[in-house]
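[1] When you get a sec, could you give me coordinates for this:
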Amino acid sequence: MYLRRDKMDKMDKLDKRILEELQLDSRNSFTKIAQKIGVSTATVSERVKRMTEKGIICGYTAVLNTSELGLVTLITKIKTKPGYNSIQEVGEAIAEMAGSCCVHHVTGDCDLIVISKCVGYDKCGMIIEKIKEIEGVESIDAELVLKTLKEELKVEL
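    The predicted structure follows:
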């Protein structure tokens, strides 16, 4: 499968501490992070630069409470046509669609699970129809989230 433990094993405790601090508040300066973990600002800067170049750090963003903004969460399970060779292409087409937040290639009864954020139920319906039009899509099972109990991107390292 796609287990990427190799990247985690190559990171030392200092890299992990820096990532933990960035996950808590990515607005903190490198100086503040350095003081908190007991290293120089240059060390933090160098390591963040290296982790960014390796693709471990992908960017910095504000985390929004989408429910408070009135957005609807749509979870779509997609099965590709038998013999269709590019689940990757289907996933990439969906990833380009407005509203798609996460696209996962998965094991099980479906090939892809997509999480989208929509402004209203009509927009959810439009997303489902657009997915149906993608070459290689056989079927879609879509569900609307009634209430989000937890949603965050912080991970334990």
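[2] got any ranges where this protein has weak pLDDT?
    Counting by pLDDT under 70, the chain contains low-confidence ranges at 1-9.
[3] what are the ranges of the helices in it?
    5-10, 13-24, 30-37, 41-53, 87-95, 121-132 (DSSP state H).
[4] Distance-wise, check His105 relative to Leu157.
    Using CB to CB, to the nearest Å, His105 is found at 23 Å from Leu157. Just so you know, the C-beta spots here come from the backbone N, C-alpha and C atoms, and that holds for glycine as well.
[5] brain fart, Val90
    The spacing between Val90 and Leu157, counted by CB to CB, is 31 Å.
[6] The two - which one has more neighbours?
    A count of neighbours by other CB atoms under 10 Å puts Val90 above the other of Val90 and Leu157, at 24 against 13.
[7] ok, now which ones touch the more buried one?
    Going by CB atoms under 8 Å, 6 or more residues apart in numbering, Val90 touches Ile78, Thr80, Tyr84, Asp111, Leu112, Ile134, Glu135, Gly136, Val137.
[8] Select from these the one having the most neighbours.
    Going by other CB under 10 Å, Ile78 tops the contacts of Val90 with 25 neighbours.
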